[in-house]
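1. Whatever this is, show me its structure:
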Amino acid sequence: MPNLRGKTWTTTTPAQVTDAQFWEDHLISDSDAEFIAEIRSEGGGLGHDIVNDDGQTMPKEKKLQFLNAEVTDDPTNQTTIVDAKGAKGDAATIQIGTVESVPSTAQAEVTNSGTSKDAVFNFKIPRGASGGVWGNISGDILDQTDLQTEINTKALKTGGSTNQVLTKDSATDYDASWKTLSAANTSYSKTSSGLAATTVQGAIDEVDSKVDSLSSSVSTLNDRYNKTLSSPNLNDVTYNYHGYVTSATNIPSGVGTSGQLIVNANSTGKYVMQIYSQYNGANVYTRSCNNGTWTSWVKMTVADDIGKQVLSWQRVNVSYTNTVADKDTATLTGTMTAVSGATDYILIAERINFGFFTANPTRSGTTISCVGMNASGTAHTLSGTVVVIALK
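-> Predicted coordinates for the structure are as follows:
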């Protein structure tokens, strides 16, 4: 029990002390003491201030009871300090209860489902907002399975093998699969190709077909321009041809059956011009076919008829650059090269595209003119060649 100059404070009879005694004597601290004190001023009224360790002034009651208190004097400030401490209690406990994932828009929350002494904290933690890493993924990714599903449907496809490529299967987003590229399943733009195919393989096949057709056409041209016709009926040679014939029929009267034949025909074979010359003679003959009807052979003037020497010959390109309607005629012109020493020239109409010559060519200086007819069935520009033989 605390002492005050030999006086004992008891819990039954409060000690009577004055302010003078409080400041003259010093309380001895005893943390285990339990006592009751009645404090009066010299005048008998309340007036002594008692302040705790935190500087708080205790209420001015007639009786003060201190349980397990430490009481000290502060003479400098003329204050008695009472540090009233509660009994030491048991240690508190903290446990983690539930941890719940909530939508990203919700607020974080911590609640105590235990007591103030034994707390059990329950947590609600918002999920992270979608960051747009996977493009158009919306909503929340809840777990690893959901994430894998998003990756499988919206990211790079798994699988595939060496040399395969990931290609779109439709216009739908993320509709893609691994494929081994081949000409059969690879598309291409046909804007400028002129082909009907929509895949590379189709284009290859179409080009192959066109090449085959072109090869056939080249073969036909070779046959018509480089191949000797054996025993032909010249009435049947209604296609473009430039070559040698043997044992021919429907040739000019009194002329050998073997010689050179030049044929210029339209695509239908109904409008044709032919030039024929016996292989060992200098006479040249010409005729034409108008819509299937042949004219008679006409002998053209050559050197044998006029007794002149042939100096040279040349092929002159003639043309009419404007469009000529079907069955219409136009004058084609070209320029020849003058031959030194020549006193005369013989002009032979050789060929014309899309039609035939309707008259023999003429010359004015170095300008060659000839009239041709369009016999193609559609409008075209006309061009052709004229053979010019220089004489002296």
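2. For the rest of this, base every contact and every neighbour count on C-alpha atoms.
-> OK.
3. pLDDT on the one helix or strand Trp313 maps to, on average?
-> Assessed by DSSP states H and E, Trp313 sits inside strand 310-324. Averaging pLDDT along strand 310-324 gives 90.
4. In it, which of the residues would be classed as buried?
-> Val310, Trp313, Arg315, Val316, Asn317, Val318, Ser319, Tyr320, Val324 (16 or more other CA atoms under 10 Å).
5. Please apply the same query to stretch 208-215.
-> Within stretch 208-215, no residue is scored as buried using 16+ other CA under 10 Å.
6. What lies in contact with that stretch?
-> By CA atoms under 8 Å, 6 or more residues apart in numbering, no residue outside stretch 208-215 reaches it.
7. Can you name the residues that contact Trp178?
-> Trp178 touches Lys157, Gly159, Gly160, Gln164, Val165, Leu166, Thr167, counting by CA under 8 Å, 6+ apart.
8. taking these one by one, which sit in strands?
-> Among the contacts of Trp178, the members found in strands (DSSP state E) are Val165, Leu166, Thr167.
9. Specify which member of those is nearest to Asn290.
-> Of all the ones in strands among the contacts of Trp178, Asn290 sits closest to Thr167, with 60.9 Å by CA to CA.
10. Can you report how many residues lie near that closest one?
-> If you count neighbours by other CA atoms under 10 Å, Thr167 ends up with 15.
11. Please shift the residue numbers so they start at 24 in all later answers.
-> With the count now opening at 24, the last piece we talked about shows up as Thr190.
12. Please tell me the pLDDT value assigned to the closest residue to Thr385 other than its chain neighbours.
-> Excluding its sequence neighbours, the residue lying closest to Thr385 (CA to CA, 6 or more residues apart in numbering) is Ser392, at 5.3 Å. Here, the pLDDT recorded for Ser392 equals 94.
13. now do Ile329
-> Per-residue confidence (pLDDT) for Ile329: 58.
14. now swap in Ile274 and tell me
-> On pLDDT, Ile274 comes in at 94.
15. average pLDDT for the strand or helix carrying Ala226?
-> Per DSSP H and E, Ala226 falls inside helix 223-249. Average pLDDT, helix 223-249: 72.
16. Same question for stretch 140-156.
-> On average, stretch 140-156 scores 80.
17. Identify the residues contacting that stretch?
-> Stretch 140-156 is contacted by residues 115-137, 160-164 when judged by CA under 8 Å, 6+ apart.
18. Show me the strands in the stretch 274-415 of the chain, by range?
-> 282-288, 294-301, 307-313, 316-317, 321-323, 333-347, 352-358, 367-375, 378-380, 385-387, 390-397, 403-414 (DSSP state E, counting those that start in this stretch).
19. possible to save those as TSV with distance to Lys250?
-> Shown next, in TSV, are those (distance: least, CA to CA, whole Å):
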stretch	distance to Lys250
strand 282-288	11
strand 294-301	16
strand 307-313	21
strand 316-317	24
strand 321-323	25
strand 333-347	22
strand 352-358	30
strand 367-375	18
strand 378-380	23
strand 385-387	31
strand 390-397	27
strand 403-414	21
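20. which of those strands is buried the deepest?
-> Mean neighbours per residue, mean count of other CA atoms under 10 Å, is largest over the strands of the stretch 274-415 of the chain for strand 378-380, with a mean of 29.
21. Partner strands of that strand and their direction?
-> If you go by DSSP bridges, strand 378-380 pairs up with strand 390-397 (antiparallel).
22. got the angle for the strand it pairs with vs strand 333-347?
-> Strand 390-397 runs at 50 degrees relative to strand 333-347, counting by axes from the mean of the first three to the mean of the last three CA atoms, to 10 degrees.
23. What lies in contact with strand 390-397?
-> 339, 341, 347-359, 372, 375, 377-386, 403, 405.
24. again with stretch 364-380
-> Identification of contacts with stretch 364-380 by CA under 8 Å, 6+ apart yields 285-290, 294-296, 298, 324-325, 334, 383-386, 393-399, 403, 405-415.
25. Please repeat the previous calculation with a cut-off of 6 Å.
-> When contacts are defined by CA atoms under 6 Å, 6 or more residues apart in numbering, stretch 364-380 is touched by residues 287, 289, 296, 394-399, 406-415.
26. again with stretch 184-193
-> Asp198, Ala199, Ser200, Trp201, Lys202, Thr203.
27. now the end-to-end length of it.
-> Counting by CA to CA, to the nearest Å, you get 21 Å between the two ends of stretch 184-193.
28. what's the answer for stretch 374-384, then?
-> 12 Å.
29. For it, what does the pLDDT average out to?
-> For stretch 374-384, the mean per-residue pLDDT is 84.
30. go on, stretch 113-123?
-> Averaged across stretch 113-123, pLDDT comes to 89.
31. go on, stretch 290-306?
-> Summarised as a single mean, pLDDT over stretch 290-306 is 83.
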